[in-house]
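Asks: just need the structure, nothing else, for what follows:
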Amino acid sequence: MGYVDAAIDAEFAKLRSAQPGNQDITINEVAFALAGMVNGGWPGAEAAALRPRFIDAVVGLTPSGKPWTLKDAALKWRNACRDAKPRPLPHLNGSGKTNGKARGRKMASKATVTGVTGVTGRGATPVTHPVASLAGNESLPDWTPPGQEGDPLFHPDKGYGPPRGANEIRRHLYVNDKGLPRRAKIKVQRKDGVTWTDWYLVRNPVHGPGWQARKPEAYVELPYFLQEGINPFDAEVSQIRLYQTEGEKDAENIARAQGCAFSFGGCGSVIDYSNLVHGRDLVILGDNDEAGRKWAQKQARLLADAVRSLKVYTFSNLKPGGDASDFLASRQLSDLEEIIDALPEWRPDIGYDACMIKREIVIPPAMLIKRVLPVQGLVFIAGQSESGKTYAAISLAAAVAAGKEFLACPNQERAAVIYCAAEGEGVIDNRFTVALDRLEISEEVAVMLLRHPGYINEDWEKFKVDMAEASRWLRKKFKVDRCVFILDTRMAGWRMEDENSNEEAGQVCAELRSLGPIIGGPVIVVHHYGKTKEQGLRGASAWTDNCDHVISLTADKNNVTGEVASREIAIARSRFSATGIIGKFELKYQKLGIDQYGDEFGDCSIQLLPPDEASEAEPKAKRKPHSRREQIFRSALNNALIESGVRRHVHRTGPEVFAVELHLVRANFNQMYATGDDTPKDRQPVTRATWKRLMDNLDIYEYATEIEGEKEWIWKLKA
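Replies: Below is the predicted model of the structure:
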């Protein structure tokens with residue numbers, strides 16, 4: 001047995017013979033003695049061999065009355081390797097003379113590596129070596145013959161890794177499951193900046209093992225982690241959170257903070273190592289830059305199926321390029337753990353503002369005026385001539401800006417309003433005055449009136465910039481979060497070639513909708529109905545298809561006398577609330593003053609009629625008889641309600657109604673609607689077309705519908 005082996009055995013003998021009262025002192029002395037041999041470069045005193053031997057000898061001892069764990073032993077060894085001074089090796093002739101300081105300086109300056117151990121210089125950290133059982137290959141890959149320019153370089157292995165250059169800053173050794181080096185990553189300072197060089201241990205047929213500066217074809221990727229810290233792949237720490245970092249230095253610093261961390265290198269290394277992290281709680285830490293975020297997402301996609309839980313963090317609270325080392329320079333690992341605890345589980349970053357839905361989270365539709373006006377989207381106020389569209393728009397604007405209810409529908413959030421009066425601008429001021437008087441508002445409200453705007457799409461980009469500035473000013477002045485834009489009317493305020501063109505109407509809707517996020521609220525368009533109320537919005541069907549919400553106003557007008565009766569307001573279409581009638585209303589006149597000729601003048605505002613007055617306002621003429629298909633539809637609905645009707649709340653928290661799923665009504669309708677055709681195949685297209693016409697012309701004053709998930713419900717508004 002040689003001197004080195006005898007010295008090592010003597011230290012372990014001290015551990016075995018240590019008395020319970022002196023075990024803590026003995027453990028510390030032995031750890032520093034062995035670490036001094038390692039740091040002093042003693043041949044045969046390799047960290048890869050001494051570390052597991054020391055841990056095995058210490059685990060289970062009770063220096064403080066409590067048995068030492070694997071973590072306690074690993075931490076003691078790490079601290080000893082960090083703090084122990086190099087221990088000089090005596091001459092082999094036994095004279096007792098040592099190599100002294102000269103040898104110590106030589107070892108530090110050359111950063112030599114004996115076997116798999118090394119000491120780095122210029123502020124670098126000790127070279128480290130994994131001891132976990134990893135998916136490494138014990139045999140060396142074949143050497144790559146150099147090309148015409150002599151690449152890759154090759155240096156025979158002399159037991160201390162690739163040769164050290166004068167400009168080397170630090171190096172990291174990657175080792176296999178036997179603790180033997182297989183890759184060296186070296187940071188070098190050059191004139192044009194800092195670069196990294198990778199060296200790989202290969203088998204040369206002439207020179208034997210050696211290091212080449214190019215990855216060989218048969219190289220097996222290995223993880224890097226701080227050997228003197230916690231082994232992140234040890235079975236005893238399998239329940240501890242595991243960090244993968246973008247770079248070796250970050251893994252070292254987390255390990256020094258007593259965390260489990262490893263790395264495969266920088267953002268250029270995207271590796272599937274699922275076999276190493278199966279069933280683990282994994283956190284991928286990228287740098288705070290675009291490359292780091294992309295790398296973290298790519299790495300997460302590879303490992304999502306293997307791990308028990310997966311989170312990704314890229315230090316968005318740090319300066320650009322910040323990483324785990326920057327974070328730990330001023331904070332603790334526990335601070336990082338708190339941030340990670342609050343993060344959601346990783347999911348694919350597919351864009352589209354994707355989010356996860358949880359059943360226990362119930363969010364009511366966000367509305368400015370309950371049921372009437374949503375906080376976002378494209379809204380139409382539409383109706384027949386003389387039905388009161390502009391009056392409704394003005395009263396709605398006043399209620400939103402003043403925080404008041406609108407036709408008994410409560411205000412849920414006050415907002416500013418930009419009212420673009422493209423027509424009727426000569427009377428808009430008076431109508432706003434009457435509307436505000438009706439609400440008993442005398443102070444200034446958050447409504448900006450745009451007079452004579454012309455066609456706002458003639459310079460649409462400039463108009464959007466102007467509206468953004470105006471909405472910012474309004475929201476700041478009146479201390480509100482949202483702003484509503486109202487265009488009165490579409491025909492007077494937006495030039496079109498053909499309002500019957502679905503393509504052009506769809507484009508107009510898209511442009512108007514784009515204004516919403518700019519001003520921070522919904523966009524409302526006042527529009528006309530067709531020749532009859534059943535036709536809906538005048539022009540292309542794309543108007544209805546592309547909007548989110550339609551406030552419908554109807555009336556019975558005598559075109560000979562001009563008399564108007566039975567004005568009603570309803571929600572004809574909505575993605576946010578139940579459709580159906582809100583109520584009957586009248587235009588209430590209010591005197592404003594006396595003109596220059598001594599005559600009284602004034603204007604009107606919209607006012608909801610009480611139920612008894614509303615019934616008196618019903619037209620005396622009889623309603624047009626139901627068509628044959630309408631009669632069959634009513635019978636089909638009644639049968640479906642009797643057979644399968646349920647009581648449910650509109651939008652979960654709204655009024656209770658007796659409703660049935662629409663597909664059950666359609667099934668009854670298909671059975672009851674006779675066509676005279678011979679076969680079911682011939683009847684099917686006729687029935688489908690008839691059903692579509694029914695749905696398109698469904699009387700919103702008799703029926704209401706709502707979509708909830710995959711189900712569409714229908715109920716009667718009148719008994």
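Asks: now V58, nearest residue through space, not along the chain?
Replies: Nearest-residue entry for V58: A73, 4.3 Å, with adjacent residues in sequence omitted and distances by C-beta to C-beta, 6 or more residues apart in numbering. No exception for glycine: its C-beta is placed from N, CA and C like everyone else's.
Asks: quick check: the one you found touching P63?
Replies: No: shown here, A73 and P63 do not form a contact pair, counting by C-beta atoms under 8 Å, at 11.3 Å.
Asks: for the stretch 51-200 of the chain, which segments count as helices?
Replies: Taking DSSP state H, counting those that start in this stretch to define them, one finds helices in the stretch 51-200 of the chain at 70-83, 100-110.
Asks: for the shortest one, give the mean pLDDT please.
Replies: For helix 100-110, the mean pLDDT works out to 28.
Asks: quick one: low-confidence ranges for the protein?
Replies: 1-3, 89-138, 177-179, 227-229, 351-363, 425, 612-626, 674-687, 700-701, 718-719 (pLDDT under 70).
Asks: how does it divide into domains?
Replies: Domain assignment for the chain by automatic domain parsing gives 3-105, 120-342, 374-616, 628-716.
Asks: of these, which is nearest M367?
Replies: M367 lies closest, by C-beta to C-beta, to one member of the domains of the chain: domain 374-616, at 5.3 Å.
Asks: so R567, which state does it fall into?
Replies: strand (DSSP: H, G, I helix; E, B strand; the rest coil).
Asks: assign a three-state SS to the residue nearest to it when sequence neighbours are not counted, would you?
Replies: Distances taken as C-beta to C-beta, 6+ apart place A555 nearest to R567, at 4.5 Å, with adjacent residues excluded. Following three-state DSSP, the label given to A555 is strand.
Asks: my guess is A555 contacts G562. True?
Replies: No: using C-beta under 8 Å, A555 is not in contact with G562; the gap is 11.7 Å.
Asks: overlap in contacts, the two.
Replies: E386 (C-beta atoms under 8 Å, 6 or more residues apart in numbering).
Asks: re earlier: which one of the domains of the chain lies nearest to I350?
Replies: domain 120-342 (10.2 Å).
Asks: quick one: the closest one to chain centroid distance?
Replies: 29 Å (C-alpha atoms, centre = their mean, to the nearest Å).
Asks: is D603 within a helix or a strand, and which one?
Replies: Element membership for D603, per DSSP states H and E: strand 600-608.
Asks: neighbouring strands of that strand in the sheet, and parallel or not?
Replies: strand 580-594 (antiparallel) (DSSP bridges).
Asks: list the buried residues for the strand it pairs with?
Replies: Buried residues in strand 580-594, counted by 16 or more other C-beta atoms under 10 Å: 580-587.
Asks: over to stretch 600-615?
Replies: Those would be 603-606, 608-609, 614, for stretch 600-615 by 16+ other C-beta under 10 Å.
Asks: which other residues reach that stretch?
Replies: By C-beta under 8 Å, 6+ apart, stretch 600-615 touches 388, 391-392, 394-395, 407-408, 427, 430-431, 433-435, 437-438, 569, 582-595, 617.
Asks: dump the C-alpha coordinates for it into CSV.
Replies: Output in CSV follows, covering the C-alpha atoms of stretch 600-615 (Å, rounded to 0.1, in the frame of the first residue of the first chain):
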residue,chain,number,x,y,z
GLU,A,600,-92.1,77.1,-26.9
PHE,A,601,-89.4,74.7,-27.9
GLY,A,602,-88.1,71.5,-26.3
ASP,A,603,-87.1,67.9,-27.0
CYS,A,604,-87.7,64.4,-25.8
SER,A,605,-86.0,61.6,-23.9
ILE,A,606,-86.7,57.9,-23.7
GLN,A,607,-88.8,56.8,-20.7
LEU,A,608,-89.9,53.2,-19.9
LEU,A,609,-93.6,52.7,-19.5
PRO,A,610,-95.0,50.9,-16.5
PRO,A,611,-96.6,47.5,-17.3
ASP,A,612,-100.2,48.8,-17.1
GLU,A,613,-99.6,51.8,-19.4
ALA,A,614,-97.6,49.5,-21.7
SER,A,615,-100.7,47.2,-22.1
